[in-house]
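S.K.: predicted model follows, preceded by the sequence.
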Amino acid sequence: MTTMESLIGLVNRIQRACTMLGDYGGGDNTFSSLWEALPSVAVVGGQSSGKSSVLESIVGRDFLPRGSGIVTRRPLVLQLHKTDDGTQEYAEFLHLPKRRFTDFSSVRKEIQDETDRITGRSKQISPVPIHLSIYSPYVVNLTLIDLPGLTKVAIEGQPESIVEDIESMVRTYVEKPNCVILAISPANQDIATSDAIKLAREVDPAGERTFGVLTKLDLMDKGTNALDVLEGRSYRLQHPWVGIVNRSQADINKNVDMIIARRKEREYFATSPDYGHLASKMGSEYLAKLLSKHLESVIRARIPSITSLINKSIEELESEMDHLGRPIAVDAGAQLYTILELCRAFDRIFKEHLDGGRPGGDRIYGVFDNQLPAALRKLPFDRHLSLQNVRKVVSEADGYQPHLIAPEQGYRRLIESSLNYFRGPAEASVDAVHFVLKELVRKSVGETQELRRFPTLQAELAAAANEALEKFRENSRKTVVRLVDMEASYLTVEFFRKLPQEMDKVQNPSGGGGAAAAAAAAAAASDRYSENHFRRIGSNVSSYVGMVSETLRRTIPKAVVYCQVREAKQSLLNFFYTQIGKKEAKQLSQLLDEDPSLMERRLQCVKRLELYKAARDEIDSVAWAR
């Protein structure tokens, strides 16, 4: 087998492998493009033009369904693989990959059954192809696509759109620039009425990728011949026309061996007074070699583009393998190491969110800069320190004995009850930051590419992280509440000691003598239960509460960051690490139980990589051998 014949076989293998791996007819654009770059031969002709007989002559076997009307109702992608001399012939269907057919009558039945499986036992058609590979020492490496025969009218049992449906299906194949068109026309009909030539002329007007085949030469009227067509005078193509003499219906009925039929075909042309001078360029054997030789030249021209597409496919597959990860080791130590590496990958992404490398951490600052101040401003101090409530609290605090100098008990009760309001915003800040951290955990788990393989580990890791965050929240809640309680437990005495001095400055700005001071004291005593007195108390308490509010506005964020954010950055996974260290090998293996769909994707990637790397090596060897 020559290097170029080997390359044609390689193209066949790539096409078949692409199909088996789900690349043909959709999926990844690179793989579809690779299929498009590989040449194949589409067999086109009208019904009863002899398409099936031509294919069987090329293969050298009876394997196609026969009958009247539409027999081919689904595209048949037929890949011929030349094997070494002396090896047994066999066939394989893509939908039955583990079954070899050595009886070709069974191949015919399977084509019928598989067609009926999609179309039913009707005359309907389907664009879903049947893929058949034949391995034989008597074939050349080719990919042939047998298409439903073109027709002009719908018969009983067919929809009215059948004519357009068939033509549309055929066009999807022959319009592709790398498709070689094998246009089958019966010699006993005027070539001007040939459906195959009409369609080929539309999609390939220059005739650069069309091969004309004339069948039924032996059935022409006596005294007539097809030399004008075969010699290119009636309709010229870039490639030579080839005449075929198929088996007669009587030979088919008698199951005449294909080898005998080929010999009869050679004898017909060799002894024909009309075609004898063309005998060396006629017949099914010559057609197969002609197509194979043409594919060689096409592949020679396509080698650079095919190699480029294969290299691109390899790069994309290796990139996908990096994302999917390599297969997991069975050793417990290696599995533990893998789990810890995955945890560190998650932790790294989580910290990037907090530190600004990824979005999300800024929402924590928003809690301190927007939510906390807004919550503090909304506290009901105007109602709590209203004149009516201040009078009520101060009066009740004195009991039966009115205060002598200053209502200290009233002040304390007003301040302590006011400071209790700060618990709400403090705890709300803790909860808001906790919510942000939980959301960042969820996002980080989803963004850790390596973790996507292991849904069980994802769930366990997220649960452990959230459990740790709950502990951090509880510690943070206790801390911020303690800050509020500390403010209530010890009042800043300097604040109140300044108040009498400030009152003196207001009441005696000139700093007058003792008489003035005594008068002021008498006025204060007489004012003890007036509205001004209670209003001044409310104002003083409000000022003190405002001072505490500013203090808490600064210290609550510090406490929350220290107890929650800092702890999350430093020890979010400590609890999980402790639990992992206690697990046995079986439990570790369960954590690394991959998503079956990802396992299947990796398996497909491995198969594709093997295919394309082998293809690249073989193409390189052929390219260097030229």
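M.R.: Done, it's in. Quantities reported herein were computed from a predicted structural model and do not represent experimental measurements.
S.K.: roughly how far out does stretch 201-209 sit from the chain middle?
M.R.: 39 Å (Cα atoms, centre = their mean, to the nearest Å).
S.K.: can you tell me what sits against it?
M.R.: With contact meaning Cβ atoms under 8 Å, 6 or more residues apart in numbering, stretch 201-209 is reached by 171, 174-175, 177, 179-181, 200, 210, 236-239. Placement of C-beta: from N, CA and C, glycine included.
S.K.: tell me the contacts of I339?
M.R.: So I339 contacts 457, 580, 588, 591-592 (Cβ under 8 Å, 6+ apart).
S.K.: picking that back up, in ChimeraX, how would I select the buried members of the contacts of stretch 201-209?
M.R.: Filtering these down to the buried ones (16 or more other Cβ atoms under 10 Å) takes a single ChimeraX command:
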select :174,179,180,181,200,210,237,239
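S.K.: picking that back up, and the least confident of the contacts of I339?
M.R.: Ranked by pLDDT, those bottom out at L588 (76).
S.K.: if you drop the residues flanking it in sequence, what lies closest to that residue?
M.R.: Q335 (4.4 Å; Cβ to Cβ, 6 or more residues apart in numbering).
S.K.: does the one you found sit in a helix or strand, and which one?
M.R.: Q335 belongs to helix 332-355 when assigned by DSSP states H and E.
S.K.: which parts of the helix or strand following that helix are buried?
M.R.: Downstream of helix 332-355, the next assigned helix or strand under DSSP H and E is helix 362-366. Residues 363-364 are the ones in helix 362-366 that count as buried (16+ other Cβ under 10 Å).
S.K.: and the next helix or strand past helix 362-366?
M.R.: helix 372-377.
S.K.: hmm, back to that, next one: the helix holding Q335 to chain centre, how far?
M.R.: The chain centre lies 24 Å from the centre of helix 332-355; the measure is Cα atoms, centre = their mean.
S.K.: those strands in the stretch 151-300 of the chain, which residues are they?
M.R.: 179-186, 210-215, 242-243 (DSSP state E, counting those that start in this stretch).
S.K.: how about the ones you listed, which one is nearest A375?
M.R.: strand 179-186 (71.1 Å; Cβ to Cβ).
S.K.: elements contacting the closest one?
M.R.: If you count contacts as 3 or more Cβ pairs under 8 Å, 6 or more residues apart in numbering; DSSP states H and E, strand 179-186 packs onto strand 40-45, helix 51-59, helix 195-203, strand 210-215, helix 284-324.
S.K.: so for the helix holding Q335, mean pLDDT?
M.R.: 88.
S.K.: with stretch 469-481 instead?
M.R.: Here stretch 469-481 scores 96 as its mean pLDDT.
S.K.: so where's the stretch 501-626 of the chain shaky on pLDDT?
M.R.: 501-529, 622-626 (pLDDT under 70).
S.K.: please enumerate the strands of it.
M.R.: Using DSSP E, counting those that start in this stretch, no strands are found in the stretch 501-626 of the chain.
S.K.: which residues of it fall in helices?
M.R.: 514-526, 531-560, 566-571, 574-581, 585-591, 596-625 (DSSP state H, counting those that start in this stretch).
S.K.: what about the closest residue to N574 other than its chain neighbours, which helix or strand?
M.R.: The shortest distance from N574 to any non-neighbouring residue, by Cβ to Cβ, 6+ apart, is to A468 (7.4 Å). According to DSSP H and E, A468 maps onto helix 455-489.
S.K.: so which other helices or strands are in contact with that helix?
M.R.: With 3+ Cβ pairs under 8 Å, 6+ apart as the test, helix 455-489 has helix 332-355, helix 408-419, helix 423-447, helix 531-560, helix 566-571, helix 574-581, helix 585-591 packed against it.
S.K.: dump those helices to a markdown table, plus distance to V394.
M.R.: Putting the helices and strands packed on helix 455-489 into a markdown table (distance: least, Cβ to Cβ, whole Å) gives the following:
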| stretch | distance to V394 |
| --- | --- |
| helix 332-355 | 48 |
| helix 408-419 | 3 |
| helix 423-447 | 24 |
| helix 531-560 | 6 |
| helix 566-571 | 43 |
| helix 574-581 | 52 |
| helix 585-591 | 65 |
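S.K.: for S48, find the nearest of those.
M.R.: Among those, helix 423-447 sits nearest to S48 (Cβ to Cβ), with 60.4 Å.
S.K.: residues of the closest one that come out buried?
M.R.: 423, 425-427, 429-430, 432-434, 436-438, 440-441, 443-445, 447.
S.K.: what bits of the stretch 351-500 of the chain have low per-residue confidence?
M.R.: Residues of the stretch 351-500 of the chain that meet the cut-off, pLDDT under 70, sit at 398-406, 500.
S.K.: tell me the contacts of L598?
M.R.: By Cβ under 8 Å, 6+ apart, the contact set of L598 is 324, 452-453.
S.K.: quick check: it vs G149, distance?
M.R.: 45 Å (Cβ to Cβ, to the nearest Å).
S.K.: skipping adjacent residues, who's closest to I328 in space?
M.R.: Excluding the flanking residues, the one nearest I328 by Cβ to Cβ, 6+ apart is L592, at 5.1 Å.
S.K.: so the one you found is in contact with L457, correct?
M.R.: Yes - using Cβ atoms under 8 Å, L592 is in contact with L457, at 6.5 Å.
S.K.: more neighbours: which of these two?
M.R.: Between L592 and L457, counted using other Cβ atoms under 10 Å, the more crowded position is L457 (24 against 18).
S.K.: just give me the neighbour total for G223.
M.R.: Number of residues near G223 (other Cβ under 10 Å) recorded here: 5.
S.K.: please report how far it lies from H277.
M.R.: 19 Å.
S.K.: also C563?
M.R.: 100 Å.
S.K.: the two: who's more crowded?
M.R.: More crowded of C563 and H277, by other Cβ under 10 Å: C563, with 22 against 12.
S.K.: for the more buried one, which non-adjacent residue is closest in space?
M.R.: Closest residue in space to C563, ignoring its immediate chain neighbours: S476 at 3.7 Å, by Cβ to Cβ, 6+ apart.
S.K.: and of the contacts of I339, the nearest to Q79?
M.R.: L592 (39.9 Å).
S.K.: OK, contacts around the closest one?
M.R.: L592 makes contact with 328, 335, 338-339, 454, 456-457 under the criterion Cβ under 8 Å, 6+ apart.
S.K.: please name the nearest non-neighbouring residue to E110.
M.R.: Per Cβ to Cβ, 6+ apart, closest to E110 is F93, 6.2 Å.
S.K.: the residue nearest to L182 when sequence neighbours are not counted: neighbour count?
M.R.: Using Cβ to Cβ, 6+ apart and skipping the chain neighbours, the partner closest in space to L182 is V43 (4.7 Å). By the criterion of other Cβ under 10 Å, V43 has 29 neighbours.
S.K.: next one: the one 4 residues further on
M.R.: The number of residues packed near Q47 is 18, by other Cβ under 10 Å.
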